[in-house]
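>>> Below: sequence and its predicted model.
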Amino acid sequence: MCIGGFLLTRLQLGLTVRSAQSGRSQYPITGISKTAFASYAAEDRPRVLDRIAAIRIATGLDVFMDCLSLDPSQQWQARLEEEISRRDVFMLFWSKWAAKSPWVEWEWRRALRQKELKGIQVHPLESWPKSPLPQELAPLHLGDPVMAVREAAIRGARVDT
């Protein structure tokens, strides 16, 4: 509900998909994710921070991001493992740098073990197929036309719509 352009409340609906044959719930959808873990390569941090800021403003999503969420002297590896496990969704910001990062790999492998593919959300930072996903994540779609348009704009190429 909005009054004078200010959002006062959001309506969230639950949805359950049932099998026509059994009537049993096969895919319970309980609403919008409330928490997320952001995995990214250090070289991509400025772009990821921009995206996380936009996501937080638009959705109110509580995103764990190491540079924002860890405290000095904290045992960071144990905390990352805990946060990957307890967060609703694992947001994998994928790029050529992420593909080379041993820590990004460590994070997505833990997320895959704990959440399976359904708990991983890929956010490409460059056009496909520059950095294909690892074989284990290959069933997830990576292509994003916005990234192709972005790269064309950076190169100064004209993009016709």
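Sure thing, it's come through.
>>> any weak-confidence spans in this protein?
Counting by pLDDT under 70, the chain shows low-confidence ranges at 1-31, 157-161.
>>> Give the burial count for residue 94, as a bare number.
By the other C-beta atoms under 10 Å criterion, the neighbourhood of residue 94 contains 28 residues. Just so you know, the C-beta spots here come from the backbone N, C-alpha and C atoms, and that holds for glycine as well.
>>> Would you agree it is in contact with residue 127?
No - with contact taken as C-beta atoms under 8 Å, residue 94 and residue 127 are classed as non-touching, separated by 11.3 Å.
>>> what comes into contact with stretch 95-103?
Residues outside stretch 95-103 that contact it (C-beta atoms under 8 Å, 6 or more residues apart in numbering) are 39-44, 92, 104, 124-126, 130-132, 134.
>>> Only C-alpha atoms, please: export the host helix or strand of residue 113 in PDB.
Residue 113 is part of helix 102-115, with elements assigned from DSSP states H and E. Taking Å, rounded to 0.1, in the frame of the first residue of the first chain, the C-alpha atoms of helix 102-115 are listed here in PDB:
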ATOM      1  CA  PRO A 102      39.300 -20.600  -5.100                       C
ATOM      2  CA  TRP A 103      37.100 -18.900  -2.400                       C
ATOM      3  CA  VAL A 104      34.100 -18.500  -4.700                       C
ATOM      4  CA  GLU A 105      34.500 -22.100  -5.600                       C
ATOM      5  CA  TRP A 106      34.700 -23.100  -2.000                       C
ATOM      6  CA  GLU A 107      31.500 -21.100  -1.300                       C
ATOM      7  CA  TRP A 108      29.400 -22.400  -4.200                       C
ATOM      8  CA  ARG A 109      30.400 -26.000  -3.500                       C
ATOM      9  CA  ARG A 110      29.100 -25.700   0.000                       C
ATOM     10  CA  ALA A 111      25.900 -24.100  -1.200                       C
ATOM     11  CA  LEU A 112      25.400 -26.800  -3.700                       C
ATOM     12  CA  ARG A 113      25.900 -29.500  -1.100                       C
ATOM     13  CA  GLN A 114      23.500 -27.800   1.400                       C
ATOM     14  CA  LYS A 115      20.900 -26.200  -0.900                       C
END
